[in-house]
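1. Output the structure for:
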Amino acid sequence: MEAAILILALLFVAFVALGVYVSVKVIGAAKRGVERTVTQARRTVEETTLRAKSYGQGGVVGELAQLRLSLRTSMRATQDALHAGAAEDASLSESIGLFQRLSAHGHELDGELKRLEREPDRATVASLLPGLRERTERITRSAESLRWAARDRARKFADDDLDALSTQIDVESGALRHWSGAETAEPQAPAAASWPEAGGTGGAGVGVDGGGDRGVAEQTWPEAGAGVGPGQTVAEQPQAITAPDPRQQTSYPWQKTARPETTN
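-> Numbering: from 1, shown residues only. Below you'll find the model as predicted:
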């Protein structure tokens, strides 16, 4: 009885622990989803605000907003391209590491530009703009270099795969059209049947002219009713068929006996 109670207690504890683990996982996933949604919404709002400032406001504030917008757009495009290619090409892992180092500089520059937007001393900010513009161009140029290199690599692999596929299709198409290249063999005339030479079995001989040349042999057919030719025996000749004697035939019980003929 005590063993059964202990087993039930262990099962209860195991189910409770499992329920807590599943609840923690579900709450964590939901929290990450909410954070991702909030981050995406905040990013959308910031980009909309930056576009509005870059197009609606001039001077230092507008140029700072334009620098932030170009920096964020380039870095996000590069990040998406590298992560999308890394799922199919493992060699991009090193490029992702380099991009993470570049992202650190990009985040630092974006934070500095964001702080300068709230700076009341516009003259000092205007003096810093050339250096900020140069840093932004260097970071965006490096990001674009990584992005286009990853795209060119993916395009090269796609072209190689397409070339190999086209070659295989050409080979298969040629195999399916094998009859077009094969030459049709011309029908050959059947060989003429050779007839035995006359005189080969004792018939008419081959004539020889005075010059010693052999003439053309004539084919002769045996006449009907001809006698025994040379080399044949009487036993080989066809025998005449004689009618069987009815008195010597074997009689069977189911056969009727022939009635004797009566004479008047």
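2. I'd guess E63 is in a helix, am I close?
-> Yes: assignment of E63 by DSSP: H, G, I helix; E, B strand; the rest coil places it within a helix.
3. Quick one: residues contacting the closest residue to it other than its chain neighbours.
-> Distance criterion CB to CB, 6 or more residues apart in numbering; nearest residue to E63, sequence neighbours excluded, is L129 at 6.1 Å. (Each C-beta comes from the backbone N, C-alpha and C, glycine too.) L129 is in contact with V60, E63, L64, counting by CB atoms under 8 Å, 6 or more residues apart in numbering.
4. which stretches of the stretch 51-200 of the chain form helices?
-> 59-86, 93-117, 122-176, 178-181 (DSSP state H, counting those that start in this stretch).
5. I'd like to know how far L116 sits from L165.
-> 53 Å (CB to CB, to the nearest Å).
6. By neighbour count, which bits of stretch 89-108 are buried? Give me those.
-> Buried positions in stretch 89-108, judged by neighbour count with 16 or more other CB atoms under 10 Å: L92, S95, F99, L102, S103, G106.
7. and G85, how far is that from E144?
-> From G85 to E144 the distance is 15 Å (CB to CB).
8. Compare those two (neighbour count), which wins?
-> G85 (21 against 14; other CB atoms under 10 Å).
9. The helices of the stretch 51-200 of the chain: which one's closest to T48?
-> Ranking these by proximity to T48 (CB to CB) places helix 59-86 first, at 10.2 Å.
10. Now do the closest one: which elements does it pack against?
-> helix 2-56, helix 93-117, helix 122-176 (3 or more CB pairs under 8 Å, 6 or more residues apart in numbering; DSSP states H and E).
11. Give me the below-cutoff pLDDT ranges for this protein.
-> 180-264 (pLDDT under 70).
12. please redo it, this time with the cut-off set to 90
-> 1-66, 68-69, 81, 83-95, 114, 116-129, 153-155, 157-158, 174-264 (pLDDT under 90).
13. where's the nearest residue to S74 once chain neighbours are set aside relative to E47, distance?
-> Using CB to CB, 6+ apart and skipping the chain neighbours, the partner closest in space to S74 is T140 (4.2 Å). T140 sits 16 Å away from E47, going by CB to CB.
14. now D121
-> 26 Å.
15. Between T140 and E47, tell me which one has more neighbours.
-> Neighbour totals were compared for T140 and E47, and T140 leads with 21 against 15 (other CB under 10 Å).
16. List the residues that contact the more buried one.
-> Applying CB under 8 Å, 6+ apart, the residues near T140 are S70, L71, S74, M75.
17. So the first one versus E94, what's the distance?
-> According to CB to CB, S70 and E94 sit 26 Å apart.
18. Equivalent analysis for A3, please.
-> Counting by CB to CB - A3 and E94 are separated by 59 Å.
19. again with R36
-> Counting by CB to CB - R36 and E94 are separated by 27 Å.
20. related to what we said a few turns ago, possible to save the helices of the stretch 51-200 of the chain as a markdown table with distance to A14?
-> Formatted as a markdown table, the helices of the stretch 51-200 of the chain follow (distance: least, CB to CB, whole Å):
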| stretch | distance to A14 |
| --- | --- |
| helix 59-86 | 39 |
| helix 93-117 | 40 |
| helix 122-176 | 48 |
| helix 178-181 | 68 |
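21. Mean neighbour count, these: which tops it?
-> helix 59-86 (a mean of 19; mean count of other CB atoms under 10 Å).
22. Tell me what angle it forms with helix 2-56.
-> 140 degrees (axes from the mean of the first three to the mean of the last three CA atoms, to 10 degrees).
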